[in-house]
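> Provided below are the primary sequence and the corresponding predicted coordinates.
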Amino acid sequence: MEFRDAVWGEYLHPKWAEQKMRLYGAQEKVLDRYFKKGPS
């Protein structure tokens with residue numbers, strides 16, 4: 001139980017949330033670019 005709490009505590013740490021948002025933003029940009037260009 002303590003181990004799980006420690007893992008979740010670290011997982012929910014702000015630096016990881018920031019990293020996930022950066023990754024999500026990059027993914028969104030790639031998808032936008034792909035769909036704006038359209039399938040070739």
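On my side now, so go ahead.

> For the worst-scoring helix or strand of the chain on mean pLDDT, name the packing helices and strands.
Every helix and strand of the chain was ranked by mean pLDDT, DSSP states H and E. The lowest is helix 2-11, at a mean of 81. For helix 2-11, not one helix or strand is in contact under the criterion 3 or more CB pairs under 8 Å, 6 or more residues apart in numbering; DSSP states H and E. All C-beta spots, glycine's among them, are computed from the backbone N, C-alpha and C.

> Which helix or which strand is home to Lys15?
helix 14-37 (DSSP states H and E).

> Let's see that helix as CSV, backbone CA atoms only.
Extracted C-alpha coordinates of helix 14-37, given in CSV (Å, rounded to 0.1, in the frame of the first residue of the first chain):
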residue,chain,number,x,y,z
PRO,A,14,3.7,18.7,-11.2
LYS,A,15,6.8,18.1,-13.2
TRP,A,16,5.3,14.9,-14.7
ALA,A,17,2.0,16.7,-15.4
GLU,A,18,4.0,19.4,-17.3
GLN,A,19,5.8,16.8,-19.3
LYS,A,20,2.6,15.0,-20.2
MET,A,21,1.0,18.3,-21.4
ARG,A,22,4.1,19.1,-23.5
LEU,A,23,3.9,15.7,-25.1
TYR,A,24,0.2,16.1,-25.7
GLY,A,25,0.7,19.5,-27.2
ALA,A,26,3.4,18.2,-29.6
GLN,A,27,1.1,15.3,-30.6
GLU,A,28,-1.8,17.8,-31.3
LYS,A,29,0.5,19.9,-33.5
VAL,A,30,1.5,16.9,-35.6
LEU,A,31,-2.1,15.8,-36.0
ASP,A,32,-3.2,19.3,-37.0
ARG,A,33,-0.4,19.5,-39.6
TYR,A,34,-1.4,16.1,-41.0
PHE,A,35,-5.1,16.8,-41.3
LYS,A,36,-4.6,20.3,-42.6
LYS,A,37,-2.3,19.0,-45.3
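
> Report the inter-axis angle for that helix versus helix 2-11.
60 degrees (axes from the mean of the first three to the mean of the last three CA atoms, to 10 degrees).
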